[in-house]
Structures are given as structure tokens and as C-alpha cells.
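Asks: How does the following fold in three dimensions:
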Amino acid sequence: MELAPRDITSRAITREIRAGRGVYPDGRAGGPCVFLDLRHMGQEKIMSRIPFCWEEAHRLLGVDAVYEPMPVRPTGHYSMGGIPVNTEGQVRSGPDGFVEGFFAAGECACVSVHGANRLGSNSLLECVVYGKITGAAIARYVETRKLPDIDDRPYLEQAQQELQSLLDLAGTHRIGVVRQGFQDAMSDHCGVFRSDELMREGLKQLEHFQQQYQQIYLDDKGKLWNTEIIEALELRSLMVVGQLILSSALNRQESRGAHFREDYPDRDDDQFLKHTLSYYSPAGVDIRYRPVTITQFQPKERKY
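Replies: Here you go, the predicted model:
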């Protein structure tokens, strides 16, 4: 019931929608959904315990959750991974080494506190706890070091050329349209349920959107407060992350936590009790693995 882990709940909702038992098949709420009914809680408890749920339903759909059920469906909320770091925030260069002088903390970093499933409230752990630990580690690291002597002109020139190249693009595709297509492709081909065929098709579609990105155009040609440039740079990075996620999920031939393969429904600790490390270059994605050493808690089957 309401104590079910979110990956199991997401799969249950998706099965209902797949079976045709969802609501709004005409897409009124953005696509088929199921109802989340909070009416039994009453206004006081809803507003004191989960006001954000009420606010989002009211803001996005005009639904008053005190008196009406809310249409919901699974979506990509969080990436259970990120920049690989150790417990002091040092960024890993591979399964064993580290990048000199490079640290990361917060939701962009992967300290492996989640495992294969997103745990509630762990953003606080990542941001507050590891933010403090990483900050202290950086302070110790720089304490005896002087600032490096760097000629910043080549970097500034490269950044200026990159921005100008975006402004000079004279294609036919709007950023918002390409981004929406990419997001839909990720949801459809690397979402709650995954399979080899589905994800390979997703990689093909991603390549299509990457080609479209080369033919975008910006209405705003200015260089001050140009949010379109920011959106263009973000979209390019998003598609790189999408390619890493799809490639990593395709290689992991098992089901574990939120990663659920219909063609490999069981967890395979013999082959995949290890972290996936994915590295991007224009030549493609390089996938490596770092074994996990279990010291205290043995993995167990997720069940009620």
C-alpha cells in the first residue's frame, strides 16, 4: 500500500495504465494517468503534512486535492548516479584513481548512498552531510597549495567561440521542440520498464535529436541575459547524460531497484554487483565497472 517503495509503486501504476485501466486516455492531463485520492485525509492534514502535493495539483491542473483525486503517473525525477566520488568528494578518474584537484558534492555527485533505488530524503544527506565533508576536504587540500599559474585567454576565447557558434546557427528547429522530443524518447525508451529492443530504439532516437540539435536556431541574438543560450547549452549536456544513461542501462542485463528489465527480470549479483562508470567522448560511450565490496549488509530480494 502506501508503504511500498517508489520503484514498485511506479511499476504498479504503469501496469495499470498499460492495461487500459488509467484515466484521461485522451491526454487531458498530459497523457494516461491514475488517480491519487487524498480526500480521506481531510483539509487540515493535507495542508499540514503534504501541502506541496496540493499546491502542484492546483497550480498545474486546477485540481483541489481536498475535494478531488489528483491524476498522477511515474516520471523521471532523479538520476541515481552522477559524478563518481569517494566519501570526501574526490572525483574518480576510473575504478581506482582520482582526478587531481577535482571535487563534487550534492545531487550532481554519486557517493553511492542510494544504491540502485532512490531513497527518500537522501538529498539532504548528499547536500548537507557530504557538502560539509567535501568542503572540509577541499579546505585541507588547498591549505598548503598556491593558486596555479594559468593563462586564461585560450579558455575565454574558446568559450566566446562556442557561444558565437550557437548564435550563428541558422537552422529550423526550436530548442523547446527538440528538448521535448528528447525527454519523451527517454521516458518511452528508458523509463519504468526497459528492454534491449526498447533501449536500442531509444539510442537511435537520441542520435536523431542530436542531429536536430545541430540545426537549431535562437531568436535572441544578444549576449546579455540570453536565456536561450543557457537552454541550448543545457540541452546539449542533457543529451550527453541521456546517452550515458541509455548505454549504461542497456549493458546492465539484470533488474536492480529502479532499473527494471523485462527481458532480464531477476537481479544478477554474480555479474552485476558493481558500479557502472560511463565516460563520454565524441567517439562514443566507454563503460567500465567498479566492483562493490559487501562488508556488513548482504543484498536481499525486494519483496513484502
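Asks: From the contact counts, what lies against the helix or strand where residue 156 lies?
Replies: Counting by DSSP states H and E, the secondary-structure element that holds residue 156 is helix 153-168. Helices and strands touching helix 153-168, as assessed by 3 or more CB pairs under 8 Å, 6 or more residues apart in numbering; DSSP states H and E, comprise helix 227-251. Quick note: C-beta positions are derived from backbone N, CA and C, even for glycine.
Asks: tell me the phi and psi of residue 6?
Replies: Dihedral angles of residue 6 (phi, psi; degrees, to the nearest 10) stand at phi -70, psi -30.
Asks: can you count the residues close to residue 290?
Replies: When neighbours are defined as other CB atoms under 10 Å, residue 290 has 15 of them.
Asks: Tell me what angle the helix or strand where it lies forms with helix 227-251.
Replies: If you go by DSSP H and E, residue 290 is part of strand 284-291. Strand 284-291 and helix 227-251 meet at an angle of 60 degrees, taking axes from the mean of the first three to the mean of the last three CA atoms, to 10 degrees as the criterion.
Asks: list the helices and strands strand 284-291 packs on?
Replies: On the basis of 3+ CB pairs under 8 Å, 6+ apart, strand 284-291 makes packing contacts with helix 227-251, strand 274-281.
Asks: Which of the residues in that strand are classified as buried?
Replies: Of all the residues in strand 284-291, those buried under the rule 16 or more other CB atoms under 10 Å are residue 285.
Asks: List the buried residues of stretch 166-177.
Replies: Neighbour-count burial for stretch 166-177, with 16+ other CB under 10 Å as criterion, is recorded at 166-167, 173, 175.
Asks: and it, how far apart are its ends?
Replies: Terminal residues of stretch 166-177 are spaced 17 Å apart (CA to CA, to the nearest Å).
Asks: which stretches of the protein aren't confidently modelled?
Replies: Low-confidence segments of the chain, defined by pLDDT under 70: 1-2, 304.
Asks: what about the strands in it?
Replies: Taking DSSP state E, the strands of the chain run over residues 34-36, 70-72, 83-84, 90-92, 98-103, 109-110, 274-281, 284-291.
Asks: Distance to residue 27 added to the ones you listed, as a markdown table?
Replies: What follows is the strands of the chain, written out as a markdown table (distance: least, CB to CB, whole Å):
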| stretch | distance to residue 27 |
| --- | --- |
| strand 34-36 | 15 |
| strand 70-72 | 11 |
| strand 83-84 | 37 |
| strand 90-92 | 42 |
| strand 98-103 | 45 |
| strand 109-110 | 35 |
| strand 274-281 | 34 |
| strand 284-291 | 34 |
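Asks: Out of these, flag the one nearest residue 22.
Replies: Across the strands of the chain, the minimum distance to residue 22, taken as CB to CB, is reached by strand 34-36, at 5.6 Å.
Asks: In the sheet, which strands lie alongside the closest one, parallel or antiparallel?
Replies: Paired strands of strand 34-36, with direction, are strand 70-72 (antiparallel) (DSSP bridges).
Asks: The closest residue to residue 163 other than its chain neighbours - how many residues pack around it?
Replies: By the measure of CB to CB, 6 or more residues apart in numbering, the closest residue to residue 163 outside its immediate chain neighbours is residue 229, 6.2 Å from it. Burial of residue 229, expressed as a neighbour count using other CB under 10 Å, amounts to 19.
Asks: swap in residue 22?
Replies: Around residue 22 sit 19 other residues, with neighbours defined as other CB under 10 Å.
Asks: For residue 192, see how far away it is.
Replies: With the distance defined as CB to CB, to the nearest Å, residue 22 ends up 13 Å from residue 192.
Asks: for residue 47, same thing?
Replies: Taking CB to CB as the criterion, residue 47 is separated from residue 192 by 30 Å.
Asks: same thing with residue 281?
Replies: Remark: distance between residue 281 and residue 192 (CB to CB) = 30 Å.
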